[in-house]
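> Predicted coordinates and the sequence they were generated for:
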Amino acid sequence: MKDKIITYSSEWTMPLLQRFDSEISRIAEGFGLDCYSNQLEVISAEQMIDAYASVGLPISYFHWSYGKHFETTRASYESGRMGLAYEMVINSSPCIAYLMEENTMAMQVLVIAHACYGHNSFFKGNYMFREWTDASAIVDYMVFAKDYILQCEDQHGVDEVEQVLDSCHALMTHGVNRYVRPPALSKAEEKLLQKDREVALQKQVNHLWATIPQADKEGALEQDELEFPAEPEENLLYFIEKNSPILEPWQREVVRIVRKIAQYFYPQKQTKVMNEGWACFWHYTIFTELHAQGLVGEGFMLEFFDIHSRVLRQADFNNPAYSGINPYTLGYAMMTDIRRICETPTEEDNQWFPDLAGSDWQQSLDFAMRNFKDESFILQYLSPKVIRDLKLFTVVDDERLDHVLVSAIHDEQGYQQIRADLASEYSLNRTEPNVQVINVALRGDRSLTLQHTQVDDRPMSDKTDEMLKHLHRLWGFKVVLQTTSLDGEVSKTYVSVEPELNSP
Amino acid sequence: MLHIIDRRFNSTNKSSVNRQRLMKRVQARIKEAVEEAVSRRAMDDLGRGGEVSVPKADISEPVFGHGPGGQVTHVLPGNKQFQVGDKMMRPSGGAGGGGSGDGSSDDGQYENEFTFQITRAEYLDYLFDGLALPYLVKKNLSKQESPKYRNAGFTAQGSPEKLNVLRTMSRARGRRIALTANLKKRILALQLQVEQGDLGIEERLKLEAELQRLLKRKSSLPFLEEVDLRFHNLTKVPNPATSAVMFCIMDVSGSMTQAMKDMAKRYFLLLYLFLERQYGKTEIVFISHHTQAREVDDKTFFYSPESGGTIVSSALQLALDIIQQRYPSHNWNIYVAQASDGDNWADDSDRCRHLINKLVPLCQYFTYVEIGVHTEKPLWLNYAPLAVTHGGHFAMRSITSVKDIYPVFHDLFSREKSQ
């Protein structure tokens, strides 16, 4: 029989990459993966550190914080404390993936399967990405953003722009429209609209802050204006962009740019488990298929298993290397488990997943990938088997008690609770404090009031005062934050101090 | 079809601007750290780049996050023996379990310092920021460094490796277009005629032969000709180098301890790094003296133990001799740095003053540092009036500990002084 194995060498070459890609592409198509077209970029280690620094965007404006990330990564890489990722992939169309030059052949193939077909199809299919990001526009938009900010720096000075950016970056976690997403625009449209926006925005703000109310309407207006905003607003950057009394038009545009970027990354932090799980599942499936078709040899597979198992390593909670649940492990375990439930359901599975058990695994998995985020995915699909395999248990840490309590383990009584507890750990409501704008003193000192609604009695961190400084800078007047427990009682109040010039 | 781009040869410094911004932000801190490094670092290390630490608080990136406290639920992997209802003491450090839910990174949790690398050039920039050489006169030098070559347009003649392909090809193209324009017109006209077809055979053959002839002429036009070639033109630019010589004069008599010599050495080294930056080419002359002065190499200068009394004038005389023999003052920028514990033979002082009066006019700058506990030592008292008579060309300071070296150095060369 003719030897079909593509290569025995561990050195990669461009033609080999092409060859492997066409094989993988064929296999992926056979499994029904729907991907953006791919663009591979071979880069050196230093360029990978560069890529790290710009937090997953191929192009960005200049800011010292990127320099900080660059230095941190380089320091830990050069001292050997940290290895670099084998790959990095960008949610864009075409989907850009970086390959490190020092990877071996098997690693490059793994990266292609993982990033160019796994992540890529996830970006294209998952509802979060479809709703909140526009893969075809992001690179263009970043070019616009970089140009615009450079232009601002020319006109207003680097320091001036940097201050606004610092404050905006601080508020990035609270700069997303969680429920509605405005349509994305191309660079050209964006440029065109940007001028109109400057004028329109300023008008709107002027109206809000008109100091002399019209006499005949005064009575009627009073009621309205005392209650502004009418509804609490959770998108702080949006609120500032539209309503801040002191920002100049260009500053509003900068706020908007940061807000757009925050929105671009919003799906990513909510689908980490799913995204990695999906990509790992597919690189595993594709490799098995490559081997089954006789295209790669045993040596190749051994190297693959070595990397694969290192990526999926989950340290136990009491291991010094433990740093949280490995999203790769959890995601991969769940994705594989869904296939198992479909193909060989047990009695338990029939009980827990009556609709899933025995269904077509490709369809079911595709459905899961498209319609969930980490929180809902875990709530829906975490099976007793995965809980047992990972030996998950829940610990409650209540500050009122002097000990921590084990409240559920991997047994019949615990499955439901562990599933709910784990899901809630991935819920943004728990990971990020719920802070919303509730009032603006339009008639008084123009102060802005925010409300922090507590979950599980958790207080704000000690960074809060510093955060209020940033808000103060963007708002221009006093900012108050009230921590409120669920029953509506204000337990703590923070008041901003005026930020000094040129300091964070 | 996969689209592969090899980016390995693109410039790697994508982050350099961001890095500069970061350094600008922590400029004051870096300066402090660099200055501190002067007193802490080993001698050979002084001029190198290296790590600089700044407090993380200066470059924190805060976000709204949860603090420790409240009722926090964690799901952990790898249960071995726990049953529902088990109670454990709260692990130390993790009180209240801010842990996993906390959006903010581990800022400040493990390290309070942010450390990063700066290069030698950056290091020296910070080290000598705000300093300038007084009376920096560019003196003519007979010694010239090798001339530099600079681009100066293009020429029609040159060696093949200097060929400018872009210019050559565009000229060739221009020539081809110009020379074939007429031919093309005629060919087109002929082709039209032939195609119209209402011609007699003979006439047609004639036309086609003509057409062939023209086509051949067109294709025989050379792609490249001698006249198209353009080469980079490089011109020699003289690269005059002003050079400096630095005289290190140190008292090595018995009263100078190794610690004092170390301080002197740091001072000399700073001066050397500084001069080297300004002049590019700096020579050093080491003169050590007790009762007699010798010109020595650096090892002997700093490490050989000596003893005996002190006659400072011997060293000054030697310096003067060397200047006259080897470093004529119209060609060299001369800097003299003298370090001593301040002792001197009683009768020698007058001679010293006399020699200094001769030396200083030849020098750009004469600095004297007294090392050790500052009490009015004979040499200090003797030199003090000179500082007045020689204006800015002569300066004296006292150094009592390693910490003083940089401030004293800074003081001696601060920019305001040099103007």
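Looks like it arrived, so ask away.
> Surely B:Met88 is in contact with A:Leu401?
No: assessed by Cβ atoms under 8 Å, B:Met88 is found out of contact with A:Leu401, at 11.1 Å. Every residue, glycine included, has its C-beta placed from N, CA and C.
> How about chain B: which residue is closest to chain A?
B:Gly78 (2.7 Å; Cβ to the nearest Cβ).
> What's the per-residue pLDDT of that residue here?
pLDDT for B:Gly78: 90.
> ok, it touching A:Asp389?
No: counting by Cβ under 8 Å, B:Gly78 stays clear of A:Asp389, with 10.8 Å between them.
> so where do the helices sit in chain B?
B:16-25, B:27-40, B:120-127, B:165-196, B:201-219, B:258-279, B:298-303, B:312-326, B:349-359, B:378-389, B:402-413, B:415-418 (DSSP state H).
> Helix, strand, or coil at whatever residue of chain A ends up closest to chain B?
Nearest residue of chain A to chain B: A:Asp316, at 2.7 Å (Cβ to the nearest Cβ). Here A:Asp316 is coil, with the state taken from DSSP: H, G, I helix; E, B strand; the rest coil.
> Please name the nearest non-neighbouring residue to it.
Ranked by Cβ to Cβ, 6 or more residues apart in numbering or on different chains and with sequence neighbours excluded, the top spatial neighbour of A:Asp316 is B:Gly78, at 2.7 Å.
> Please report how far that neighbour lies from A:Leu390.
Noted for B:Gly78: a distance of 8 Å to A:Leu390, by Cβ to Cβ, to the nearest Å.
> Mutual contacts of the two, please.
Here B:Gly78 and A:Leu390 share the contacting residues A:Gln314, scored by Cβ atoms under 8 Å, 6 or more residues apart in numbering or on different chains.
> of these two, who's got more company?
Of the pair B:Gly78 and A:Leu390, A:Leu390 is the one with more neighbours under other Cβ atoms under 10 Å in any protein chain shown, namely 24 against 15.
> OK, contacts around the more buried one?
By Cβ under 8 Å, 6+ apart, the residues touching A:Leu390 are A:Gln314, A:Ile325, A:Thr329, A:Leu330, A:Ala333, B:Pro77, B:Gly78.
> Mind doing that once more with 6 Å?
Going by Cβ atoms under 6 Å, 6 or more residues apart in numbering or on different chains, A:Leu390 touches B:Pro77.
> same thing with A:Asp196?
No contacts exist for A:Asp196 under Cβ under 6 Å, 6+ apart.
> avg pLDDT for whichever helix or strand it is part of?
Counting by DSSP states H and E, the element that carries A:Asp196 is helix A:187-208. For helix A:187-208, mean pLDDT rounds to 70.
> how close does A:Lys68 sit to A:Leu474?
A:Lys68 sits 22 Å away from A:Leu474, going by Cβ to Cβ.
> more crowded one of those two?
The neighbour comparison of A:Lys68 against A:Leu474 (other Cβ under 10 Å) goes to A:Leu474, with 26 against 23.
> starting at the chain centroid, how far to whichever helix or strand the more buried one is part of?
Using DSSP H and E, A:Leu474 maps to helix A:464-475. Helix A:464-475 sits 24 Å away from the centroid of its parent chain (Cα atoms, centre = their mean, to the nearest Å).
> list the buried ones in it?
For helix A:464-475, the buried set under the neighbour-count rule, 16 or more other Cβ atoms under 10 Å in any protein chain shown, comprises A:Thr464, A:Glu466, A:Met467, A:Leu468, A:Lys469, A:His470, A:Leu471, A:His472, A:Arg473, A:Leu474, A:Trp475.
> what's the pLDDT at the fifth one?
The score at A:Lys469 is 91. That number is its pLDDT.
> Okay, it and A:Val437: tell me how far apart.
A:Lys469 sits 17 Å away from A:Val437, going by Cβ to Cβ.
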